[in-house]
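Novice: Pasting the sequence and the predicted model now:
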Amino acid sequence: MAVSFLRHEVSDLCLAKPALRSLSVSATVADALEALKTSEENFLSIWDCNHHSKTLAGEQCRCVGKVCMVDVICYLSQDANLVSPSAALKAPVSEIMTETAGTVMHVEPSCSLLKAIDLMLQGIQNLVVPIQTRQSSNSRRKQHPKPINSTTSTIHNGQEFCWLTQEDVVRFLLNSIGVFSPLPALSIDSLGLINTADILAINYHSPADSAVQLITQSLTQQTSVAVVDIDGVLIGEISPFTLSSCDESVAAAIATLSCGELMAYIDCGGPPEYLIKIVTERLKQRKLQGALESYSSSTSSSNSPMFSSSSSSSSDEESSVYPSSTRMVRSGRFSRSNSYSARMVRRAEAIVCHPKSSLVAVMIQAIAHRVNYVWVIEDDCSLVGIVTFSGMLKVFREHLETMG
């Protein structure tokens, strides 16, 4: 069984994965915002299909990056863009793409699982894989061509692509967890999985705009920003996962609220009325007329709250045998379900474990809540560190070496 596990390829993880929705690298921030608002996915892939580009071999379209609502929010919360949000939205989408090079990489379906894990441990966040189709000639003749939108498309080089994330790989490993026995039963402490050096944390009373750099950093690290009190006790978090379910009006909240107030603002159910009034008054005090007009329009243009309920499964919408977690999504975004799990109600409440928690328990916990990390705390709620999918993959990779 262990030997057969080592033969797995990335194509085995791509079954039923949806085709990537994408934007051209020549699109604007406004294009990205509109596409994200109507998308079921947190991220959009960015493609370079400029056939005159010298960087592209064989005149092939390539995925060169990704963007999410967090990128848009952090961009619009900058002082210069608060003055004129409408002008900021006209900038090219490259302005909000992650600055870290090599976050996405194309691989063939035959790429081994071990190679995929190695690439992720080297910093690759998304592996772009061609979707393999096996159809008879009759089914091909009956298939109608898919319409191609000039702004967003799923077809490049005549075919569709999906991508794999750390979550996909960890979920796959969890489905075969018995292969790794007794490793999964060991505590995260004994396995050295608790990272105490790369914790991103900010004080509850600090201005939220001072957390923007940390939020951007957490997006790159695929973690979150811990919100703590003066004694280092974990109160909650400002999570990119939560921010991805918001709309662009949160940029004004970041510019005017404290971290504690921001946590309440982005919690599920939409922002409290008193916080909307606070944001409005503080924008007036700072004479940010452009941001004020945009914010007022955003908060009054719809009777629906900033969040609506929707169910979700794995990193790209696929189903799983594990508990289906839920998410609160932006107004105007398609809702597949009107129900949501009670455990997801307090979205600013951090997902935590203890140093003696087992590896498999933490894996299930992270996947169930759709996050790439779990905070580690002591009994008094003081923050100890963080366990990440990246750390887990490193442990599993080392174990796989012994299986070879």
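Specialist: Good, I have the coordinates. Numbering: from 1, shown residues only.
Novice: Quick check: pLDDT value at the closest residue to residue 189 other than its chain neighbours.
Specialist: Excluding its sequence neighbours, the residue lying closest to residue 189 (CB to CB, 6 or more residues apart in numbering) is residue 355, at 4.0 Å. Bear in mind the C-beta positions are built from the backbone N, C-alpha and C, glycine included. Note on residue 355: pLDDT of 98.
Novice: list the contacts for residue 355?
Specialist: By CB atoms under 8 Å, 6 or more residues apart in numbering, the contact list for residue 355 reads 187-189, 194, 376, 378, 384.
Novice: Kindly supply the ChimeraX command isolating those of those residues that are buried.
Specialist: Selection of buried members from those for ChimeraX, criterion 16 or more other CB atoms under 10 Å:
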select :187,188,189,194,376,384
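Novice: want to try a markdown table for the contacts of residue 355, with secondary structure, pLDDT and distance to residue 103 as columns?
Specialist: What follows is the contacts of residue 355, written out as a markdown table (DSSP: H, G, I helix; E, B strand; the rest coil; pLDDT from 0 to 100; distance: CB to CB, whole Å):
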| residue | secondary structure | pLDDT | distance to residue 103 |
| --- | --- | --- | --- |
| 187 | strand | 98 | 31 |
| 188 | coil | 98 | 26 |
| 189 | coil | 98 | 30 |
| 194 | coil | 98 | 25 |
| 376 | strand | 98 | 26 |
| 378 | coil | 96 | 34 |
| 384 | strand | 97 | 28 |
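Novice: Of the contacts of residue 355, just say which sits nearest to residue 76.
Specialist: residue 376 (33.1 Å; CB to CB).
Novice: Could you list the residues in contact with the lengthiest helix in the chain?
Specialist: When the chain is parsed with DSSP state H, its longest helix is helix 389-403. Residues external to helix 389-403 that are found in contact with it (CB under 8 Å, 6+ apart): 2-3, 5-6, 114, 117-118, 120-121, 166-167, 169-170, 173, 179-180, 183, 191, 193, 195, 222, 359, 362-363, 366, 372-373.
Novice: Let's see that with 7 Å instead.
Specialist: 2, 6, 114, 117, 120-121, 166-167, 169-170, 173, 180, 183, 191, 193, 195, 363, 366, 372 (CB atoms under 7 Å, 6 or more residues apart in numbering).
Novice: next helix or strand past the helix or strand of the chain with the lowest mean pLDDT?
Specialist: Every helix and strand of the chain was ranked by mean pLDDT, DSSP states H and E. The lowest is strand 326-330, at a mean of 34. Next in sequence after strand 326-330, counting helices and strands by DSSP states H and E, comes strand 352-353.
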